[in-house]
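**Student:** build me a structure from this.
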Amino acid sequence: MTTGSKYYKHIELQYNQESKRAGEPCGDVVVCDRGWNYTIIVISDGLGHGVKANIAATMACSRILELIKRGFSIRDAFKNVVQTMHDARMTDLPYAVFTIIQVLNDGSTTILNYEMPGPIIITNRYASLLRQRNYTLGGEVVSEANCFLDEGNSLIVTSDGVTQAGMGITYKLGWTSEGFCTFLNNCIRANMKYSDIRLKTLQEVNFAGGNRFGDDTTVAFINCRNGNILNIFTGPPLEMADDDTVVSNFLKSDGIKVVCGSSTANIVSRYLDKPLKVDSVQVNFIEPPKYSLEGIDLVTEGAVTLNQVYNVLDEKPEEYNQNRGGVSTLYSLFRFADRINFTVGKTRNEAHTDVMFRQMGVLPRTSIVPLIAEKLKKEGKLVVINYV
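**Tutor:** Numbering: from 1, shown residues only. So this is what the prediction gives:
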(Lines give C-alpha, C1' and ligand atoms only; values in the text may rest on other atoms or scores of the structure.)
Protein backbone atom coordinates (compact mmCIF):
# COMPACT_ATOMS: atom_id res chain seq x y z
CA MET A 1 0.00 0.00 0.00
CA THR A 2 1.25 3.44 -0.93
CA THR A 3 1.62 5.67 2.11
CA GLY A 4 2.99 8.74 0.41
CA SER A 5 2.35 10.74 -2.74
CA LYS A 6 4.20 13.36 -4.71
CA TYR A 7 0.93 15.24 -4.96
CA TYR A 8 -1.84 14.52 -2.52
CA LYS A 9 -5.19 16.04 -3.47
CA HIS A 10 -7.10 16.73 -0.30
CA ILE A 11 -10.88 16.86 -0.62
CA GLU A 12 -12.18 19.32 1.94
CA LEU A 13 -15.86 19.29 2.93
CA GLN A 14 -17.45 22.43 4.37
CA TYR A 15 -21.17 23.00 4.73
CA ASN A 16 -23.85 25.08 6.43
CA GLN A 17 -27.36 24.04 7.41
CA GLU A 18 -30.60 25.48 8.76
CA SER A 19 -33.64 23.57 9.99
CA LYS A 20 -37.12 24.35 8.74
CA ARG A 21 -38.13 25.07 12.29
CA ALA A 22 -35.69 26.59 14.74
CA GLY A 23 -34.70 24.19 17.50
CA GLU A 24 -35.54 21.05 15.52
CA PRO A 25 -32.93 18.61 14.19
CA CYS A 26 -32.14 19.25 10.55
CA GLY A 27 -33.69 16.73 8.19
CA ASP A 28 -30.60 16.93 5.95
CA VAL A 29 -27.53 14.88 6.88
CA VAL A 30 -23.99 15.18 5.48
CA VAL A 31 -21.30 12.53 6.07
CA CYS A 32 -17.75 12.02 4.80
CA ASP A 33 -15.56 8.91 4.74
CA ARG A 34 -11.95 8.69 3.58
CA GLY A 35 -10.00 5.70 2.34
CA TRP A 36 -6.34 5.61 1.34
CA ASN A 37 -7.34 6.10 -2.32
CA TYR A 38 -10.73 7.85 -2.21
CA THR A 39 -13.04 10.30 -0.46
CA ILE A 40 -16.78 9.63 -0.32
CA ILE A 41 -19.34 12.24 0.68
CA VAL A 42 -23.06 11.52 1.08
CA ILE A 43 -25.71 14.23 1.38
CA SER A 44 -29.19 12.99 2.25
CA ASP A 45 -32.55 14.73 2.66
CA GLY A 46 -35.12 12.89 4.77
CA LEU A 47 -38.82 13.11 3.96
CA GLY A 48 -40.55 15.81 5.98
CA HIS A 49 -38.67 17.67 8.68
CA GLY A 50 -37.50 17.36 12.27
CA VAL A 51 -36.57 14.14 14.06
CA LYS A 52 -38.29 11.76 11.63
CA ALA A 53 -36.56 13.29 8.60
CA ASN A 54 -33.20 13.32 10.39
CA ILE A 55 -33.52 9.61 11.24
CA ALA A 56 -34.42 8.72 7.64
CA ALA A 57 -31.47 10.70 6.23
CA THR A 58 -29.07 9.28 8.81
CA MET A 59 -30.15 5.72 8.02
CA ALA A 60 -29.65 6.28 4.29
CA CYS A 61 -26.13 7.71 4.81
CA SER A 62 -25.15 4.93 7.23
CA ARG A 63 -26.43 2.22 4.90
CA ILE A 64 -24.49 3.59 1.94
CA LEU A 65 -21.19 3.89 3.83
CA GLU A 66 -21.59 0.46 5.42
CA LEU A 67 -22.17 -1.21 2.05
CA ILE A 68 -19.08 0.47 0.61
CA LYS A 69 -17.01 -0.63 3.61
CA ARG A 70 -18.19 -4.18 2.99
CA GLY A 71 -16.80 -4.11 -0.53
CA PHE A 72 -19.74 -2.87 -2.60
CA SER A 73 -18.85 -0.55 -5.45
CA ILE A 74 -20.29 2.96 -5.25
CA ARG A 75 -22.81 2.07 -7.97
CA ASP A 76 -23.88 -1.17 -6.31
CA ALA A 77 -24.36 0.61 -2.97
CA PHE A 78 -26.32 3.34 -4.75
CA LYS A 79 -28.55 0.78 -6.49
CA ASN A 80 -29.16 -1.11 -3.25
CA VAL A 81 -30.35 1.94 -1.31
CA VAL A 82 -32.35 3.37 -4.24
CA GLN A 83 -34.24 0.07 -4.37
CA THR A 84 -34.87 0.28 -0.62
CA MET A 85 -36.24 3.81 -0.98
CA HIS A 86 -38.42 2.78 -3.92
CA ASP A 87 -40.00 0.09 -1.73
CA ALA A 88 -40.45 2.55 1.14
CA ARG A 89 -41.84 5.44 -0.92
CA MET A 90 -45.55 4.78 -0.33
CA THR A 91 -45.23 3.32 3.18
CA ASP A 92 -44.54 4.63 6.68
CA LEU A 93 -40.93 3.40 6.48
CA PRO A 94 -38.12 6.00 6.65
CA TYR A 95 -37.64 7.58 3.23
CA ALA A 96 -34.84 9.84 2.03
CA VAL A 97 -33.27 11.08 -1.18
CA PHE A 98 -29.51 11.47 -1.51
CA THR A 99 -26.41 12.30 -3.52
CA ILE A 100 -23.18 10.26 -3.38
CA ILE A 101 -19.89 11.88 -4.41
CA GLN A 102 -16.77 9.75 -4.84
CA VAL A 103 -13.43 11.47 -5.54
CA LEU A 104 -10.45 9.24 -6.30
CA ASN A 105 -6.87 10.27 -5.53
CA ASP A 106 -6.27 11.34 -9.12
CA GLY A 107 -9.27 13.69 -9.01
CA SER A 108 -11.67 11.46 -10.98
CA THR A 109 -15.11 12.23 -9.58
CA THR A 110 -18.44 10.42 -9.81
CA ILE A 111 -21.70 11.96 -8.57
CA LEU A 112 -24.72 9.65 -8.25
CA ASN A 113 -27.96 11.51 -7.66
CA TYR A 114 -31.33 10.29 -6.44
CA GLU A 115 -33.94 13.07 -6.58
CA MET A 116 -31.58 15.77 -5.29
CA PRO A 117 -30.66 19.07 -7.00
CA GLY A 118 -27.94 18.69 -9.62
CA PRO A 119 -24.30 19.40 -8.68
CA ILE A 120 -22.50 22.62 -9.60
CA ILE A 121 -18.77 22.79 -10.36
CA ILE A 122 -16.48 25.80 -9.97
CA THR A 123 -13.48 25.88 -12.30
CA ASN A 124 -11.40 28.93 -13.21
CA ARG A 125 -13.58 30.98 -10.86
CA TYR A 126 -16.75 30.19 -12.79
CA ALA A 127 -19.74 28.15 -11.56
CA SER A 128 -21.70 25.97 -13.96
CA LEU A 129 -24.19 23.11 -13.72
CA LEU A 130 -22.66 19.70 -14.35
CA ARG A 131 -24.29 17.78 -17.16
CA GLN A 132 -26.07 14.71 -15.81
CA ARG A 133 -27.09 11.47 -17.53
CA ASN A 134 -30.54 10.26 -16.46
CA TYR A 135 -31.45 6.57 -16.36
CA THR A 136 -33.83 4.17 -14.63
CA LEU A 137 -32.63 2.18 -11.64
CA GLY A 138 -34.70 0.06 -9.27
CA GLY A 139 -37.92 1.57 -10.55
CA GLU A 140 -36.65 5.13 -9.99
CA VAL A 141 -35.19 7.78 -12.29
CA VAL A 142 -31.67 8.61 -11.15
CA SER A 143 -28.75 10.53 -12.62
CA GLU A 144 -24.97 10.41 -12.86
CA ALA A 145 -22.41 13.12 -13.49
CA ASN A 146 -18.65 12.82 -13.92
CA CYS A 147 -15.87 15.35 -13.73
CA PHE A 148 -12.23 15.80 -12.80
CA LEU A 149 -11.33 17.80 -9.69
CA ASP A 150 -7.97 19.52 -9.59
CA GLU A 151 -6.44 21.95 -7.14
CA GLY A 152 -8.64 25.02 -6.85
CA ASN A 153 -11.78 23.29 -8.17
CA SER A 154 -14.94 22.93 -6.09
CA LEU A 155 -18.21 21.03 -6.22
CA ILE A 156 -21.36 22.52 -4.71
CA VAL A 157 -24.21 20.26 -3.68
CA THR A 158 -27.41 21.42 -1.97
CA SER A 159 -30.69 20.05 -0.72
CA ASP A 160 -33.90 21.25 -2.37
CA GLY A 161 -34.29 23.74 0.45
CA VAL A 162 -32.01 25.92 -1.70
CA THR A 163 -33.36 25.28 -5.20
CA GLN A 164 -37.04 25.41 -4.15
CA ALA A 165 -36.59 28.45 -1.89
CA GLY A 166 -39.32 31.06 -2.30
CA MET A 167 -41.54 28.82 -4.46
CA GLY A 168 -44.87 30.58 -4.88
CA ILE A 169 -43.65 33.52 -2.79
CA THR A 170 -40.63 35.23 -4.33
CA TYR A 171 -40.22 32.90 -7.32
CA LYS A 172 -42.92 31.03 -9.22
CA LEU A 173 -40.84 27.85 -9.50
CA GLY A 174 -38.43 28.52 -6.64
CA TRP A 175 -34.87 29.79 -6.80
CA THR A 176 -33.90 26.85 -9.10
CA SER A 177 -30.44 25.44 -9.73
CA GLU A 178 -29.91 27.93 -12.55
CA GLY A 179 -30.80 30.85 -10.30
CA PHE A 180 -28.49 29.59 -7.56
CA CYS A 181 -25.69 29.16 -10.11
CA THR A 182 -26.11 32.80 -11.21
CA PHE A 183 -25.98 33.84 -7.55
CA LEU A 184 -22.72 31.90 -7.10
CA ASN A 185 -21.09 33.63 -10.06
CA ASN A 186 -22.10 37.02 -8.72
CA CYS A 187 -20.50 36.14 -5.37
CA ILE A 188 -17.34 34.85 -7.06
CA ARG A 189 -17.01 38.04 -9.11
CA ALA A 190 -17.33 40.00 -5.87
CA ASN A 191 -14.32 38.01 -4.51
CA MET A 192 -16.33 36.58 -1.61
CA LYS A 193 -14.84 33.80 0.49
CA TYR A 194 -16.55 30.43 0.19
CA SER A 195 -17.46 30.55 3.88
CA ASP A 196 -19.22 33.88 3.28
CA ILE A 197 -20.97 32.53 0.18
CA ARG A 198 -22.43 29.65 2.19
CA LEU A 199 -23.75 32.03 4.85
CA LYS A 200 -25.14 34.41 2.23
CA THR A 201 -26.85 31.46 0.54
CA LEU A 202 -28.78 30.74 3.73
CA GLN A 203 -29.65 34.42 4.08
CA GLU A 204 -31.00 34.48 0.51
CA VAL A 205 -33.03 31.30 1.12
CA ASN A 206 -34.51 32.84 4.27
CA PHE A 207 -35.35 36.07 2.44
CA ALA A 208 -36.91 34.25 -0.51
CA GLY A 209 -39.18 32.34 1.86
CA GLY A 210 -40.55 35.50 3.44
CA ASN A 211 -38.02 35.60 6.29
CA ARG A 212 -38.39 31.94 7.10
CA PHE A 213 -37.00 28.63 5.87
CA GLY A 214 -39.57 26.71 3.88
CA ASP A 215 -37.63 23.47 4.26
CA ASP A 216 -34.50 22.04 5.82
CA THR A 217 -31.63 23.64 3.92
CA THR A 218 -28.07 22.51 3.26
CA VAL A 219 -25.34 24.01 1.09
CA ALA A 220 -22.09 22.01 0.85
CA PHE A 221 -18.80 23.01 -0.76
CA ILE A 222 -16.41 20.20 -1.69
CA ASN A 223 -13.03 21.79 -2.35
CA CYS A 224 -9.90 20.26 -3.86
CA ARG A 225 -6.53 21.53 -2.73
CA ASN A 226 -2.94 20.40 -2.38
CA GLY A 227 -2.88 18.48 0.90
CA ASN A 228 -0.31 18.45 3.69
CA ILE A 229 1.27 15.07 4.45
CA LEU A 230 2.73 13.95 7.79
CA ASN A 231 4.72 10.71 8.03
CA ILE A 232 5.36 9.14 11.45
CA PHE A 233 7.69 6.19 12.06
CA THR A 234 7.40 4.67 15.52
CA GLY A 235 8.73 1.36 16.82
CA PRO A 236 11.34 -1.01 15.39
CA PRO A 237 10.12 -3.46 12.70
CA LEU A 238 9.30 -6.95 13.88
CA GLU A 239 12.15 -8.41 11.81
CA MET A 240 15.52 -6.66 12.20
CA ALA A 241 16.36 -7.65 8.62
CA ASP A 242 13.60 -5.28 7.45
CA ASP A 243 15.07 -2.20 9.17
CA ASP A 244 16.84 -0.75 6.13
CA THR A 245 13.91 -1.34 3.77
CA VAL A 246 11.40 0.25 6.17
CA VAL A 247 13.63 3.28 6.81
CA SER A 248 14.33 3.69 3.09
CA ASN A 249 10.61 3.71 2.26
CA PHE A 250 9.94 6.15 5.11
CA LEU A 251 12.62 8.57 3.91
CA LYS A 252 11.36 8.41 0.31
CA SER A 253 7.83 9.40 1.33
CA ASP A 254 6.71 12.92 0.50
CA GLY A 255 5.86 15.27 3.35
CA ILE A 256 6.97 16.04 6.92
CA LYS A 257 8.88 13.24 8.65
CA VAL A 258 8.64 12.46 12.36
CA VAL A 259 10.29 9.65 14.33
CA CYS A 260 8.78 8.69 17.71
CA GLY A 261 10.94 6.54 19.98
CA SER A 262 14.62 6.44 20.86
CA SER A 263 15.07 2.88 19.55
CA THR A 264 13.38 3.84 16.28
CA ALA A 265 15.51 6.98 16.07
CA ASN A 266 18.69 4.91 16.53
CA ILE A 267 17.67 2.71 13.59
CA VAL A 268 17.18 5.78 11.37
CA SER A 269 20.43 7.30 12.71
CA ARG A 270 22.41 4.22 11.74
CA TYR A 271 20.83 4.14 8.27
CA LEU A 272 21.59 7.84 7.67
CA ASP A 273 24.99 7.59 9.34
CA LYS A 274 24.11 10.75 11.25
CA PRO A 275 24.41 11.35 15.01
CA LEU A 276 21.28 11.41 17.18
CA LYS A 277 21.41 14.38 19.56
CA VAL A 278 19.39 15.00 22.70
CA ASP A 279 17.80 18.46 22.64
CA SER A 280 16.07 18.29 26.04
CA VAL A 281 17.53 16.44 29.01
CA GLN A 282 14.45 16.60 31.24
CA VAL A 283 13.01 13.09 31.30
CA ASN A 284 9.65 12.79 33.08
CA PHE A 285 6.02 12.17 32.33
CA ILE A 286 5.31 15.90 31.96
CA GLU A 287 7.76 16.56 29.11
CA PRO A 288 9.37 13.49 27.49
CA PRO A 289 12.77 13.98 25.87
CA LYS A 290 13.14 15.51 22.41
CA TYR A 291 15.97 14.76 19.98
CA SER A 292 17.36 16.05 16.71
CA LEU A 293 18.56 14.09 13.70
CA GLU A 294 19.68 15.58 10.40
CA GLY A 295 17.19 14.68 7.68
CA ILE A 296 14.25 14.25 10.08
CA ASP A 297 11.91 17.11 10.92
CA LEU A 298 11.04 15.99 14.46
CA VAL A 299 12.37 13.25 16.76
CA THR A 300 10.63 12.52 20.06
CA GLU A 301 10.31 9.87 22.72
CA GLY A 302 7.85 7.16 21.73
CA ALA A 303 4.95 5.77 23.75
CA VAL A 304 4.74 8.51 26.40
CA THR A 305 4.76 11.27 23.76
CA LEU A 306 2.07 9.55 21.69
CA ASN A 307 -0.09 9.03 24.78
CA GLN A 308 0.25 12.66 25.81
CA VAL A 309 -0.59 13.89 22.31
CA TYR A 310 -3.68 11.68 22.31
CA ASN A 311 -4.79 13.29 25.58
CA VAL A 312 -4.55 16.85 24.21
CA LEU A 313 -5.76 16.30 20.63
CA ASP A 314 -9.23 17.54 21.58
CA GLU A 315 -7.88 20.82 22.94
CA LYS A 316 -8.35 23.93 20.85
CA PRO A 317 -5.03 25.36 19.58
CA GLU A 318 -5.68 28.75 21.17
CA GLU A 319 -6.35 27.11 24.55
CA TYR A 320 -3.42 24.69 24.54
CA ASN A 321 -0.31 26.12 26.19
CA GLN A 322 2.31 25.07 23.67
CA ASN A 323 5.88 25.08 24.96
CA ARG A 324 7.63 23.87 21.77
CA GLY A 325 8.43 20.52 23.37
CA GLY A 326 7.99 17.23 21.57
CA VAL A 327 4.34 16.83 22.59
CA SER A 328 3.21 20.32 21.59
CA THR A 329 5.18 20.22 18.32
CA LEU A 330 3.62 16.90 17.34
CA TYR A 331 0.20 18.24 18.33
CA SER A 332 0.70 21.19 15.97
CA LEU A 333 1.77 18.88 13.14
CA PHE A 334 -1.35 16.77 13.57
CA ARG A 335 -3.43 19.95 13.33
CA PHE A 336 -1.56 21.04 10.20
CA ALA A 337 -1.66 17.74 8.32
CA ASP A 338 -4.45 16.54 6.04
CA ARG A 339 -3.03 13.05 5.58
CA ILE A 340 -1.12 11.19 8.29
CA ASN A 341 0.86 8.06 7.39
CA PHE A 342 1.87 5.90 10.37
CA THR A 343 4.60 3.28 10.04
CA VAL A 344 4.29 1.22 13.24
CA GLY A 345 6.88 -1.38 14.22
CA LYS A 346 5.49 -4.49 15.87
CA THR A 347 8.53 -5.25 18.00
CA ARG A 348 7.42 -5.37 21.63
CA ASN A 349 9.09 -2.91 23.99
CA GLU A 350 9.67 -4.80 27.24
CA ALA A 351 9.87 -1.52 29.16
CA HIS A 352 6.15 -0.99 28.52
CA THR A 353 5.35 -4.10 30.59
CA ASP A 354 6.64 -2.31 33.71
CA VAL A 355 3.88 -1.75 36.26
CA MET A 356 4.76 1.98 36.33
CA PHE A 357 3.62 2.36 32.72
CA ARG A 358 0.32 0.62 33.45
CA GLN A 359 -0.12 2.72 36.59
CA MET A 360 0.32 5.91 34.55
CA GLY A 361 -2.07 4.64 31.86
CA VAL A 362 0.60 4.67 29.14
CA LEU A 363 -0.55 2.42 26.29
CA PRO A 364 1.93 0.75 23.93
CA ARG A 365 2.24 2.25 20.44
CA THR A 366 0.26 -0.57 18.81
CA SER A 367 -2.68 0.41 21.03
CA ILE A 368 -2.36 4.21 21.15
CA VAL A 369 -1.83 4.78 17.41
CA PRO A 370 -5.28 3.41 16.41
CA LEU A 371 -6.86 5.59 19.11
CA ILE A 372 -5.05 8.66 17.76
CA ALA A 373 -6.18 7.67 14.26
CA GLU A 374 -9.84 7.60 15.32
CA LYS A 375 -9.64 11.13 16.71
CA LEU A 376 -7.91 12.40 13.58
CA LYS A 377 -10.48 10.75 11.30
CA LYS A 378 -13.30 12.47 13.17
CA GLU A 379 -11.62 15.76 12.26
CA GLY A 380 -11.83 14.84 8.58
CA LYS A 381 -8.22 13.76 8.14
CA LEU A 382 -7.03 10.76 6.16
CA VAL A 383 -5.03 8.31 8.29
CA VAL A 384 -3.13 5.32 6.90
CA ILE A 385 -1.48 2.83 9.30
CA ASN A 386 1.15 0.41 8.02
CA TYR A 387 2.40 -2.21 10.50
CA VAL A 388 5.90 -3.56 9.93
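
**Student:** now do the end-to-end distance for stretch 143-155.
**Tutor:** 16 Å (Cα to Cα, to the nearest Å).

**Student:** same check, this time on stretch 377-388
**Tutor:** With Cα to Cα as the measure, the first residue of stretch 377-388 is 22 Å from its last.

**Student:** same question, stretch 287-298
**Tutor:** Start and end residues of stretch 287-298 are separated by 15 Å (Cα to Cα).

**Student:** give me the buried positions along it.
**Tutor:** Within stretch 287-298, the residues that qualify as buried are E287, P288, P289, K290, Y291, S292, L293, I296, L298, counting by 16 or more other Cβ atoms under 10 Å. In short, each C-beta sits where N, CA and C put it, glycine included.

**Student:** out of those, which one sits closest to G161?
**Tutor:** L298 (45.8 Å; Cβ to Cβ).

**Student:** show me what contacts that closest one?
**Tutor:** Taking Cβ atoms under 8 Å, 6 or more residues apart in numbering, we find L298 in contact with I256, K257, V258, V259, K290, G326, T329, L330, L333.

**Student:** show me the residues you listed that map onto helices.
**Tutor:** The helices in this structure, assigned by DSSP state H, contain G326, T329, L330, L333 from those.

**Student:** a markdown table please, covering the residues you listed and showing neighbour count and pLDDT.
**Tutor:** A markdown table is the format used below for those (neighbours: other Cβ atoms under 10 Å; pLDDT from 0 to 100):
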| residue | neighbour count | pLDDT |
| --- | --- | --- |
| G326 | 25 | 86 |
| T329 | 19 | 90 |
| L330 | 24 | 93 |
| L333 | 18 | 94 |
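
**Student:** what two of the residues you listed are the furthest from one another?
**Tutor:** Between any two of the ones in helices among the contacts of L298 (Cβ to Cβ), the greatest distance is 10.7 Å, for G326 and L333.

**Student:** and the protein, what are its domains?
**Tutor:** Partitioning the chain according to automatic domain parsing yields domains covering residues 9-225, 229-387.

**Student:** now do the helices in the stretch 101-250 of the chain.
**Tutor:** Counting by DSSP state H, counting those that start in this stretch, the segments of the stretch 101-250 of the chain that form helices are 160-163, 176-189, 194-208, 243-252.

**Student:** nearest to Y194, of the ones in helices among the contacts of L298?
**Tutor:** Out of the ones in helices among the contacts of L298, the member with the shortest distance to Y194 (by Cβ to Cβ) is L333, at 25.6 Å.

**Student:** chain neighbours aside, what residue packs nearest to that closest one?
**Tutor:** With Cβ to Cβ, 6 or more residues apart in numbering as the measure, L230 is the residue that lies nearest to L333, at 5.4 Å, once sequence neighbours are left out.

**Student:** so what's that neighbour bridging to?
**Tutor:** When bridges are called by DSSP bridges, L230 pairs up with I256, I340.

**Student:** quick check: E204 vs V219, distance?
**Tutor:** From E204 over to V219 the distance is 10 Å, taken as Cβ to Cβ, to the nearest Å.

**Student:** higher neighbour count, the two?
**Tutor:** Between E204 and V219, counting by other Cβ atoms under 10 Å, V219 is the more crowded of the two (26 against 19).

**Student:** so which strand or helix has Q17?
**Tutor:** Under the criterion DSSP states H and E, the helix or strand holding Q17 is strand 9-18.

**Student:** what's the angle between that strand and helix 194-208?
**Tutor:** Angular relation of strand 9-18 and helix 194-208 on a 0 to 180 degree scale: 30 degrees, by axes from the mean of the first three to the mean of the last three Cα atoms, to 10 degrees.

**Student:** check which residues of the helix or strand following strand 9-18 are buried.
**Tutor:** Using DSSP H and E, the helix or strand that directly follows strand 9-18 along the chain is strand 28-35. For strand 28-35, the neighbour count (16+ other Cβ under 10 Å) marks D28, V29, V30, V31, C32, D33, R34 as buried.

**Student:** compare the domains of the chain and say which comes out lowest on pLDDT.
**Tutor:** The stretch with the lowest average pLDDT out of those is domain 229-387, scoring a mean of 87.

**Student:** look up how far K257 lies from V219.
**Tutor:** 38 Å.

**Student:** go on, Y126?
**Tutor:** The spacing between Y126 and K257, counted by Cβ to Cβ, is 39 Å.

**Student:** same deal with G361?
**Tutor:** Taken as Cβ to Cβ, the span from G361 to K257 is 28 Å.
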